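*Asks:* Structural data only, the sequence is not supplied:
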Ligand code: NAD
Ligand code: LMR
């Protein structure tokens, strides 16, 4: 099933010189994250105000009617940068020639679950989608995996797309980074924009490590403003368990903040991180002793459309123990899905 809708730009875009239109795919497009994400992509927040897009939206058959409504609303928003919308339940149509893919579609957890409990339900989705990416996406495609457990789902998609370089598959830990920034900003009494170089190691799970050692608040080291007791205690715990806290409070998993983080991740990958360190999970090439292939969040800089892992930061005993802990958890997840790889 496929719904096609071609949009004609109706608003003025005259102050920008337009680039060649790109195809952007979003899975789970009729879901909660999709509903927040699509409007940010369509408005130019991700790929730039001079980058027209064709949106290629994937749902499962039961989601197609809701997707139809989402497409009507996108059309009704009259975004000048949206040069076409395709809604489909066929990944080969959704991913065709896509330059950027947001893998969101999958089940969220409930408050009684850990994210890794989703692997049996969600893991198989990323086998077929990986194969379809391999078959039809642009050879330069940039893939962000949001659906949980996102590190291991990215690993599954990557393993099933052998013709696409592994560095083009990533998983999202930017929400964790943003949560860490939010906590520091609140405690320092400054806007989030004052905080730089705060990043996440490891898995998008309770074991993650928001590393404060290189982070600054208005140029001052975070470690000079806050002591280890807070940084390795309440700060770390709040960031690591924030997903569950939101599910308990909202009765649904984070959606607007997740969409915003997905925009930040892809924005920086596409347009650069201005020399700053940001968090991205990608298949390890042995950095910091993390076994090759494990999708692990590292400090990264983005430049010219490439992700460069910052591979020479010193580790202290606490950081090393957190990295080891995350490697252990991700190895267990990888073993659990070995038949999908
Ligand atoms: P949702 O249930 O509101 O929407 C998911 C959508 O995906 C639904 O419309 C569903 O029909 C669709 N879908 C299911 N299987 C699909 C498939 N095979 N192909 C295409 N579409 C499919 O859920 P949501 O709140 O949008 O969350 C989506 C995922 O993102 C969940 O797994 C959630 O845990 C995860 N998540 C990750 C992060 C992160 O930081 N990495 C943050 C928030 C949520
Ligand atoms: C989050 O961190 O908010 C998401 O991964 C949803 C969840 O299950 O915690």
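*Replies:* Nice, I can see it. The shown structure was predicted, so the numbers you read here are calculated from the model rather than taken from an experiment. Ligands and ions are numbered 1, 2, ... in the order given.

*Asks:* check contacts around the closest residue to residue 245 other than its chain neighbours.
*Replies:* In this structure, residue 245 finds its nearest non-sequential neighbour in residue 238, 7.9 Å apart by C-beta to C-beta, 6 or more residues apart in numbering. From N, CA and C alone the C-beta is placed, and that goes for glycine too. Residue 238 sits next to 179, 183, 245 when contact means C-beta atoms under 8 Å, 6 or more residues apart in numbering.

*Asks:* Could you check the helix or strand where residue 238 lies against ligand 2 for contacts?
*Replies:* According to DSSP states H and E, residue 238 maps onto helix 236-240. No - Helix 236-240 is not in contact with ligand 2 by C-beta under 6 Å from any ligand atom; minimum separation 9.5 Å.

*Asks:* quick one: that helix near ligand 1?
*Replies:* No - applying C-beta under 6 Å from any ligand atom, one finds helix 236-240 separated from ligand 1 by no less than 11.7 Å.

*Asks:* Ok, stretch 191-211 next?
*Replies:* Yes - using C-beta under 6 Å from any ligand atom, a contact is recorded between stretch 191-211 and ligand 1, made by residue 204.

*Asks:* do stretch 323-341 as well
*Replies:* No - contact of stretch 323-341 with ligand 1 is not found when judged by C-beta under 6 Å from any ligand atom; the minimum separation is 13.7 Å.

*Asks:* Not counting its own residues, what contacts that stretch?
*Replies:* 116, 119, 123-124, 126-127, 149, 151-152, 155-156, 159-160, 201-203, 205, 207-209, 288-291, 293-296, 315.

*Asks:* Counting by contacts, list what the longest strand anywhere in the chain packs against.
*Replies:* In the chain, taking DSSP state E as the definition, the longest strand is strand 295-303. Under the contact definition 3 or more C-beta pairs under 8 Å, 6 or more residues apart in numbering; DSSP states H and E, strand 295-303 sits against helix 150-159, strand 169-171, strand 199-201, helix 256-271, strand 278-283, strand 306-309, helix 317-336.

*Asks:* and it with helix 256-271, angle?
*Replies:* Orientation of strand 295-303 against helix 256-271 (axes from the mean of the first three to the mean of the last three C-alpha atoms, to 10 degrees) gives an angle of 50 degrees.

*Asks:* Now do the buried residues in strand 295-303.
*Replies:* 295, 296, 297, 298, 299, 300, 301, 302 (16 or more other C-beta atoms under 10 Å).

*Asks:* Let's have those residues in TSV, adding distance to residue 254.
*Replies:* Converted to TSV, the buried residues of strand 295-303 look like this (distance: C-beta to C-beta, whole Å):
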residue	distance to residue 254
295	20
296	22
297	17
298	23
299	23
300	22
301	26
302	23
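
*Asks:* how about the residues of the stretch 1-150 of the chain near ligand 2?
*Replies:* 108, 109, 115, 148.

*Asks:* Pull the most distant pair out of the residues you listed.
*Replies:* 108 and 115 (9.2 Å; C-beta to C-beta).

*Asks:* Identify the contacts common to these two.
*Replies:* Both residue 108 and residue 115 are contacted by residue 148, under the criterion C-beta under 8 Å, 6+ apart.

*Asks:* Check the stretch 101-250 of the chain for the residue nearest ligand 1 and tell me.
*Replies:* For the stretch 101-250 of the chain and ligand 1, the shortest gap (C-beta to the nearest ligand atom) falls at residue 105, measuring 2.5 Å.

*Asks:* Would you mind stating the distance between that residue and residue 247?
*Replies:* Separation of residue 105 from residue 247 (C-beta to C-beta, to the nearest Å): 19 Å.

*Asks:* For these two, indicate the residue with more neighbours.
*Replies:* residue 105 (26 against 18; other C-beta atoms under 10 Å).

*Asks:* Identify the residues contacting residue 18.
*Replies:* Residue 18 makes contact with 50, 51, 52, according to C-beta under 8 Å, 6+ apart.

*Asks:* export these to JSON lines and tack on neighbour count?
*Replies:* Listed next are these as JSON lines, based on neighbours: other C-beta atoms under 10 Å:
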{"residue": "50", "neighbour count": "13"}
{"residue": "51", "neighbour count": "20"}
{"residue": "52", "neighbour count": "21"}
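
*Asks:* Now the buried members of the contacts of stretch 323-341.
*Replies:* Buried by 16+ other C-beta under 10 Å: 116, 119, 123, 126-127, 149, 151-152, 155-156, 159-160, 201-203, 205, 207-209, 288, 290, 293-296, out of these.

*Asks:* Pull out the buried residues from the contacts of residue 238.
*Replies:* Using 16+ other C-beta under 10 Å as the burial test, the contacts of residue 238 include 179, 183 as buried.

*Asks:* now the contacts of residue 238 in CSV, with distance to residue 2?
*Replies:* What follows is the contacts of residue 238, written out as CSV (distance: C-beta to C-beta, whole Å):
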residue, distance to residue 2
179, 37
183, 44
245, 39
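
*Asks:* Using a markdown table, lay out the contacts of residue 238 together with secondary structure and pLDDT.
*Replies:* Below are those laid out as a markdown table (DSSP: H, G, I helix; E, B strand; the rest coil; pLDDT from 0 to 100):
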| residue | secondary structure | pLDDT |
| --- | --- | --- |
| 179 | helix | 98 |
| 183 | helix | 98 |
| 245 | helix | 97 |
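
*Asks:* Good, we can wrap up now.
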